[in-house]
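[1] The sequence isn't on hand, but the structure is:
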């Protein structure tokens, strides 16, 4: 699995976790999903993604977007 796919999978899990926590715990958890979405948009324009940096340091092979 490449860094690109890991970032997308991680972002998807964060969004789903935020929605589940907002439903079962408190609506304020929707901010977690909003943060993940904003970070994806930001990384699309700048190429900077903190999650990609972490995955790269963990030894995940680079992909096309975050190399």
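    Yep, that arrived. Predicted model, so just to flag it, every value in this text is computed and none were measured.
[2] and residue 63, how many neighbours?
    Using other C-beta atoms under 10 Å, residue 63 has 18 neighbouring residues. Bear in mind the C-beta positions are built from the backbone N, C-alpha and C, glycine included.
[3] Then residue 39?
    So residue 39, with other C-beta under 10 Å, has 17 neighbours.
[4] what helices or strands is the helix or strand containing it leaning on?
    Residue 39 is located in helix 30-46, with elements delineated by DSSP states H and E. The contact analysis (3 or more C-beta pairs under 8 Å, 6 or more residues apart in numbering; DSSP states H and E) places helix 30-46 against helix 3-24, helix 50-57.
[5] Now do the buried residues in that helix.
    Judged by neighbour count using 16 or more other C-beta atoms under 10 Å, the buried positions of helix 30-46 are 32, 33, 36, 39, 40, 43.
[6] can you check stretch 47-55 too?
    Buried-residue list, stretch 47-55, by 16+ other C-beta under 10 Å: 49, 51, 52, 55.
[7] Save those residues as a markdown table, and put in pLDDT and distance to residue 65 too.
    Shown next, in a markdown table, are those (pLDDT from 0 to 100; distance: C-beta to C-beta, whole Å):
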| residue | pLDDT | distance to residue 65 |
| --- | --- | --- |
| 49 | 92 | 8 |
| 51 | 93 | 12 |
| 52 | 93 | 8 |
| 55 | 95 | 12 |
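[8] Contacts only, for the residue nearest the centre of the chain.
    Geometric centre of the chain, nearest residue: residue 11, 2.9 Å, by C-alpha atoms, centre = their mean. Residues near residue 11 by C-beta atoms under 8 Å, 6 or more residues apart in numbering: 36, 39, 40, 51.
[9] can you check residue 17 too?
    Residue 17 touches residue 32, counting by C-beta under 8 Å, 6+ apart.
[10] For it, give its distance to residue 57.
    23 Å (C-beta to C-beta, to the nearest Å).
[11] about what we covered before: kindly reformat the buried residues of stretch 47-55 as CSV containing distance to residue 62.
    As requested, the buried residues of stretch 47-55 are exported to CSV (distance: C-beta to C-beta, whole Å):
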residue, distance to residue 62
49, 12
51, 14
52, 9
55, 9
